[in-house]
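*Asks:* the following comprises the amino acid sequence and a computationally predicted model.
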Amino acid sequence: SRLLLCRHVMSVLLFLALLPVAQMSDAAVAATTDLVAPHFFLGGRDLEMLTIRQLLQDCSQPFSDAGCNWGAAASQYRDEIERVLQNSGQPVLVELKLDLPSELLQRCRIVDHHDKQAGSNAATSLEQIFRLLQLPAARWSRHFALVAANDRGHLREMRTLQPAPTDSELLQIRLDDLTAQGSSAEELAAAAVIVRSALQTYADGRLTVVDTEIRSTLAAEVLEPLHGGPGFQNLLVRGSQEYGFCGDGPLVEALQHASPQDSLNVWSGGALPAFGYWGGKRSAVEFDPLELLLSRLAD
C-alpha cells in the first residue's frame with residue numbers, strides 16, 4: 001500500500017508540474033538549454049522586454065539594458081559584447097537588429113520571434129528565455145502566459161488562452177504594454193480622437209486606412225472595441241516616414257513578399273499564418289501597399 005501511495009503522489013505531482021507548460025508553445029517547451037556563462041543584451045522596450053528584465057533580475061542573471069526603443073541594434077552593445085566574449089561568456093542578443101560582423105554574431109546566441117522567426121507556433125522571446133534558464137514549469141505563471149500571448153498576437157492571441165482572459169485582464173496587459181512603450185493615458189485619448197476621425201474604409205469594410213503620424217501600433221490600439229473603437233479586420237496606417245499594417249496573415253505575407261529583404265528597414269511578425277503585422281520605411285518600400293492590399297482583397 002505504501003508503494004501504491006508513493007506512485008499516486010508522484011503522478012499527481014507530475015500532473016501539477018506540467019499544467020503551466022500547457023500555456024506555452026510547443027516550440028518553447030522544446031527549446032535547447034545549452035547556455036554557458038550567459039550575458040543577456042536587451043532590445044526595445046515593451047511589456048515582454050520588461051518582463052524578461054525582471055525575470056533575469058529574479059534569477060540573478062547578468063544583463064545589459066540600454067533602455068532602447070523598438071528597432072534597437074546589436075551594435076549599440078558592441079563593446080560590451082566583445083568584452084563578454086573575451087571573458088569566455090556567451091552573449092545572448094534579445095530582439096536586436098543583427099548589424100554586427102558575422103564573425104561576432106556567430107559567437108552569440110540569438111533570441112527573437114519576429115520577421116523570419118515569426119509564427120503562431122514560434123516561441124516568444126519570454127518563452128525562449130524561460131526555457132534557456134531551465135526554470136521549473138511551476139514558475140510559468142498566468143501573467144507570463146498573457147505577456148507571451150500579447151507579444152505574439154495582442155488581443156486575438158490572448159483570447160485563445162484557457163481559461164479565457166477577462167476584459168479586465170486584457171485591458172490591463174494592453175495598458176501595461178503601452179506604458180512600457182512610453183505611451184501615456186493622455187496620449188492614448190488624444191490618438192483616439194485623431195485616428196477615429198481620419199479613418200477610411202475600403203473593400204466593403206474589410207480594410208481600414210488611416211493617414212496619420214501616430215505610430216501604427218497606437219492607431220490599431222485605439223480602434224479596438226476594448227478601448228471604445230469601431231474595430232477593424234485589416235488596418236493600414238500611412239505616415240510620412242513609415243507604413244504599418246496589421247490583419248489577416250495572407251495579406252501580411254503578400255506585403256512581405258513584395259518588400260525588400262532588409263530587416264533593418266522592413267519588419268513583420270505576429271501569429272502567422274493566421275494574422276500578424278508588417279511595417280516598413282517609406283524610403284525602402286518601392287510599391288503602394290494600398291494598391292497591393294486592394295488587389296488581394298479583390299481576388
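*Replies:* On my side now, so go ahead. Residues are numbered from 1 along each chain as shown.
*Asks:* doesn't Tyr243 make contact with Glu286?
*Replies:* No. Counting by Cβ atoms under 8 Å, Glu286 sits too far from Tyr243 to count as a contact (11.8 Å). Using the backbone N, CA and C atoms, a C-beta is placed for each residue, glycine as well.
*Asks:* so if I had to pick from these two, which one is more boxed in?
*Replies:* Tyr243 (22 against 10; other Cβ atoms under 10 Å).
*Asks:* who are the contact partners of that one?
*Replies:* Listed by Cβ atoms under 8 Å, 6 or more residues apart in numbering, the contact set of Tyr243 reads Ser216, Leu236, Val237, Trp278, Gly279, Gly280, Arg282, Val285, Pro289.
*Asks:* export these to JSON lines and tack on neighbour count?
*Replies:* Formatted as JSON lines, those follow (neighbours: other Cβ atoms under 10 Å):
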{"residue": "Ser216", "neighbour count": "22"}
{"residue": "Leu236", "neighbour count": "27"}
{"residue": "Val237", "neighbour count": "28"}
{"residue": "Trp278", "neighbour count": "26"}
{"residue": "Gly279", "neighbour count": "25"}
{"residue": "Gly280", "neighbour count": "24"}
{"residue": "Arg282", "neighbour count": "14"}
{"residue": "Val285", "neighbour count": "19"}
{"residue": "Pro289", "neighbour count": "24"}
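*Asks:* leaving aside the residues adjacent along the chain, what's closest to Leu47?
*Replies:* Asp177 (3.9 Å; Cβ to Cβ, 6 or more residues apart in numbering).
*Asks:* need the pLDDT of Ile129.
*Replies:* pLDDT for Ile129: 97.
*Asks:* so how far is Asp204 from it?
*Replies:* As for Ile129, its distance to Asp204 is 43 Å (criterion: Cβ to Cβ, to the nearest Å).
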